[in-house]
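Asks: coordinates only, sequence not included:
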């Protein structure tokens, strides 16, 4: 089953309620730019601002969800790819977004689409608990998520994530989700990988850790990223594991990573030296779950292919180029 597609014909800027002067000015700047067709320089002149200030106001309007653009129509090529991938991998949900990034990792396209998916889930009011992974792509989803009341939706970390590099701390994903939605959010305050099996057992015995872990098992929706096993993988760049460890994982035949679990090109699990030291849901816990991955980019094609082949996903949000590569497999 593919995504539900609504046909609408308007652009909406702003909303209701009392706004501060800065937000009001941002709304005005966005209206002049998007609805009025003025360039940012023309907006600046009209409002008596510097070009930099006008640019920042328009960005503020976008980031705070004041601007909503609706496209009346569908990209037929993307719909065909959605159908092909759903049929091949048994997906209940598949969304393929048009490419507009020049970079290998299409963070903006994936971030916008992932944010829209999450927004729809919150607005439906049927998803009480969302389990969240980490990584750059999910961080992009949160970046493009407009401020929205969470209703009854709560968020929980699906895995440990303390790192040595605070700037790359994946906990920022769930913290920012809480800020954007006002929702309750539960963080697993442990590393992704413990130093030893004994360390994991000690930390796992702590009541606070166990409670969050048990809560994660009950999530209605798991929203996750997919990792590579390259030397440049996020697991390495964030300091979660060493380069030598990812090299050993490669030698074991792993091609992709999902929530700390590694899979080979055929989707079979690859046991590693990290397996018994990982703070994450077990593969058994992941069976028959509503798990939607947001992932794309040329470098991730082998990883996405491996995770899809594992049968652990019920949904995928990806970009057009990645979808074409996946659909061409074995064609």
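Replies: The structure has been received and is ready for your questions. In this text, all values refer to a predicted model and were calculated from it rather than measured experimentally.
Asks: By mean pLDDT, point me to the weakest helix or strand of this structure.
Replies: strand 11-13 (a mean of 41; mean pLDDT, DSSP states H and E).
Asks: Residue 144 contacts residue 111, doesn't it?
Replies: Yes - assessed by C-beta atoms under 8 Å, residue 144 is found in contact with residue 111 at 4.5 Å. To be clear about C-beta, it is placed using only N, CA and C from the backbone, and glycine gets the same treatment.
Asks: hey, what's in contact with both of those two?
Replies: Listed as contacting both residue 144 and residue 111 by C-beta atoms under 8 Å, 6 or more residues apart in numbering is no residue at all.
Asks: what sits up against the helix or strand containing residue 138?
Replies: Assigned by DSSP states H and E, residue 138 belongs to helix 136-143. Identification of contacts with helix 136-143 by C-beta under 8 Å, 6+ apart yields 63, 105, 107-108, 110-111, 114-115, 118, 132, 170, 172-173, 176-177, 180, 223-225, 234, 294-296.
Asks: Okay, now the unreliable bits of the stretch 51-200 of the chain?
Replies: Along the stretch 51-200 of the chain, segments meeting pLDDT under 70 span 70-75, 100-103, 163-171.
Asks: Residue 317 should be in a strand, yeah?
Replies: Yes - secondary structure assignment places residue 317 in a strand (DSSP: H, G, I helix; E, B strand; the rest coil).
Asks: show me what contacts residue 318?
Replies: Residue 318 sits next to 95, 96, 97, 110, 294, 295, 296, 304, 326 when contact means C-beta under 8 Å, 6+ apart.
Asks: no, scratch that, I was asking about residue 314
Replies: Contacts for residue 314 (C-beta under 8 Å, 6+ apart) come out as 91, 92, 93, 289, 290, 291, 292.
Asks: which residue packs closest to it, ignoring adjacent ones?
Replies: Once flanking residues are discounted, residue 314 sits nearest to residue 92: 4.8 Å by C-beta to C-beta, 6 or more residues apart in numbering.
Asks: Could you count how many residues lie near the one you found?
Replies: Other residues near residue 92 come to 12 when the count uses other C-beta atoms under 10 Å.
Asks: so it touches residue 316, yeah?
Replies: No - the criterion here is C-beta under 8 Å, and residue 92 misses it with residue 316 at 10.0 Å.
Asks: Any buried residues in stretch 218-237, and which?
Replies: Within stretch 218-237, the residues scored as buried using 16 or more other C-beta atoms under 10 Å are 219, 221-229, 233-236.
Asks: Quick one: end-to-end length of it, please.
Replies: End-to-end distance of stretch 218-237: 30 Å, with C-alpha to C-alpha, to the nearest Å as the criterion.
Asks: Report the mean per-residue pLDDT for it.
Replies: Averaged across stretch 218-237, pLDDT comes to 91.
Asks: Also stretch 277-284?
Replies: For stretch 277-284, the per-residue pLDDT averages 92.
Asks: in that stretch, what counts as buried?
Replies: For stretch 277-284, the neighbour count (16+ other C-beta under 10 Å) marks 277, 278, 279, 280, 281 as buried.
Asks: And the helices in the protein, which stretches?
Replies: Secondary structure of the chain (DSSP state H): helices at 21-30, 40-47, 51-63, 76-89, 107-124, 136-143, 171-181, 197-204, 207-216, 234-237, 243-251, 283-286, 301-310, 320-328.
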